[in-house]
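[1] Okay, predicted coordinates and the sequence, questions at the end:
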Amino acid sequence: MSLSASPDPAAGLDLGSPVPLAAIPRSLKQLWESSAAVTRASAMNFAICSEVGASLGPNTDLIREVTREHACRAILIAITPAPGPPEIRAWITAHCQLAAGGRKSVCSEQITFAISGSGPQLLPNTLFAHVDSDLPLTLWWQGPFSPLWERHLFTEIDRLVIDSSAWQNPLAEFTTLEQSWHEANRGFSVNDLSWTRVLPFRMAIAACFDEPGALALLPAISEITITHGTGHALAARMLAAWIAEKAGWSVTGGTSSSGFTLSNHGRTLTLTFKDCPGACAIARVHLSAPGGTILITREPRSPFIEGRTDIAGQQTSSLTPCPCDSPADLIKERLRRGCNTRHYFALLEIVRKFLV
């Protein structure tokens, strides 16, 4: 019995104009010369690599959103396994926004590749043959690392975007990531979207501790509970690692199912994670001590995080913007900021203790 053919990942999608591989540079030049009302803009190369063929449509929509704020040459690659020699198809298109005054459209170009099959250095050769060599390269590697994650690829990029929430075995993936970073002589920065999801809650917690009474309460905290949405357990553990690092606490025991024991400068406190289906990535952080409580919450789809402190009967509240829900929002937020990769790996040493 013969195997049925894999579905065409480009079927029904508007990926632009199909072009032969050898004609991509000439076709891009013709694209920009065809309209005097269009201005090409590019501040970086932004590449997305996925081993899921069905990712072409959602990733094209994502690039369309990202280029509203970040002008770039976008390179979208989807690779699907297939027998026989590799086959590569390519398309080009542009994503445009009106410039100030509406006089010209400012456009970013997108080159899309659908690859079936595999071969040595097929991915890096395809990618590096079409980057703008004068600009830095940000690569979003979607999904777990695979044999396609080759040295020739990760030693040549400037920024790596990952989403560790999609990993089934994060401990193994973190090991591969750190080994690659060292092998590349720390030549690329690591930008984890799970860590980006935590950023607004870090800001909200910091805002609560701007209150002198809350800061005085810190040494007496005895319990912490972090509630997260399904699929975001890793983000919750990253937030807990950040809190522990900032407070100077150490993990002394526990399991991921029953909670953890931390040492608070000689005092003992308990840390518990709760999974709440339908909740935001991080929905609630509750810190309690004999003298009061600090509660940080976010309701589903709310654009704000609310922080409330109740210390010795004195109550205060604050609001922190939280615009990062969609993948496009997360990418735009990530690209606005740098990344302290050394600090990220230092926090992972604590996160690993929460993944027992």
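    Structure's in. What do you need? Residues are numbered from 1 along each chain as shown.

[2] Can you show me the helices along the stretch 101-250 of the chain?
    Here the stretch 101-250 of the chain has its helices, by DSSP state H, counting those that start in this stretch, at 122-128, 151-154, 170-183, 193-208, 212-217, 233-247.

[3] weakest of those in terms of mean pLDDT?
    Per-stretch mean pLDDT for those is lowest at helix 212-217 (a mean of 86).

[4] neighbouring contacts of that helix?
    For helix 212-217, contacts defined as CB atoms under 8 Å, 6 or more residues apart in numbering pick out Cys208, Phe209, Ala289, Gly291, Gly292, Ile294, Thr309, Ile311, Ala312, Gln314. Just so you know, the C-beta spots here come from the backbone N, C-alpha and C atoms, and that holds for glycine as well.

[5] One more: stretch 325-339?
    With CB under 8 Å, 6+ apart as the test, stretch 325-339 has contacts from 46, 61-62, 65-66, 69-70, 138, 140, 159, 161, 163, 189-191, 193, 196-197, 199, 280, 301, 323-324.

[6] in it, what counts as buried?
    For stretch 325-339, the neighbour count (16 or more other CB atoms under 10 Å) marks Pro327, Ala328, Leu330, Ile331, Lys332, Glu333, Arg334, Leu335, Cys339 as buried.

[7] Report the angle between the helix or strand hosting the second one and helix 193-208.
    Remark: Ala328 resides in helix 327-336, with elements defined by DSSP states H and E. For the pair helix 327-336 and helix 193-208, the angle between their directions (axes from the mean of the first three to the mean of the last three CA atoms, to 10 degrees) equals 70 degrees.

[8] what's the angle from the next helix-or-strand element following helix 327-336 to helix 170-183?
    Tracing the chain past helix 327-336, the next element assigned as helix or strand by DSSP H and E is helix 341-353. Angle of helix 341-353 versus helix 170-183, following the same axes, to 10 degrees, is 150 degrees.

[9] Can I get helix 341-353 as CSV, trimmed to CA atoms?
    Taking C-alpha atoms only, helix 341-353 is exported to CSV below (Å, rounded to 0.1, in the frame of the first residue of the first chain):
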residue,chain,number,x,y,z
THR,A,341,21.7,36.4,28.0
ARG,A,342,24.1,35.7,30.9
HIS,A,343,21.3,36.7,33.4
TYR,A,344,18.8,34.4,31.5
PHE,A,345,21.1,31.4,31.8
ALA,A,346,21.8,32.2,35.5
LEU,A,347,18.0,32.2,36.1
LEU,A,348,17.7,28.9,34.3
GLU,A,349,19.9,27.3,37.0
ILE,A,350,17.1,28.1,39.5
VAL,A,351,14.4,27.1,37.0
ARG,A,352,16.0,23.7,36.6
LYS,A,353,15.4,23.1,40.4
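
[10] Off-centre distance for it?
    The gap between where helix 341-353 is centred and where its chain is centred comes out at 16 Å by CA atoms, centre = their mean, to the nearest Å.

[11] again with stretch 41-53
    Distance, stretch centre to chain centre, for stretch 41-53: 13 Å (CA atoms, centre = their mean).

[12] Contacts only, for Pro136.
    Neighbouring residues of Pro136 by CB under 8 Å, 6+ apart: Met44, Asn45, Asp158, Arg159.

[13] In strands only, show me the contacts of helix 212-217.
    Ala289, Gly292, Ile294, Thr309, Ile311, Gln314 (DSSP state E).

[14] Relative to Thr272, how far out is the closest residue to the third one other than its chain neighbours?
    If I follow you right, that is Ile294. Spatial nearest neighbour of Ile294, excluding adjacent residues (CB to CB, 6 or more residues apart in numbering): Leu287 at 4.4 Å. Using CB to CB, to the nearest Å, Leu287 is found at 12 Å from Thr272.

[15] And the furthest pair within the ones in strands among the contacts of helix 212-217?
    Ala289 and Gln314 (14.1 Å; CB to CB).

[16] Which one's more surrounded, those two?
    Comparing Ala289 with Gln314 by other CB atoms under 10 Å, the one with more neighbours is Ala289, at 20 against 10.

[17] Alright, that wraps it up for me.
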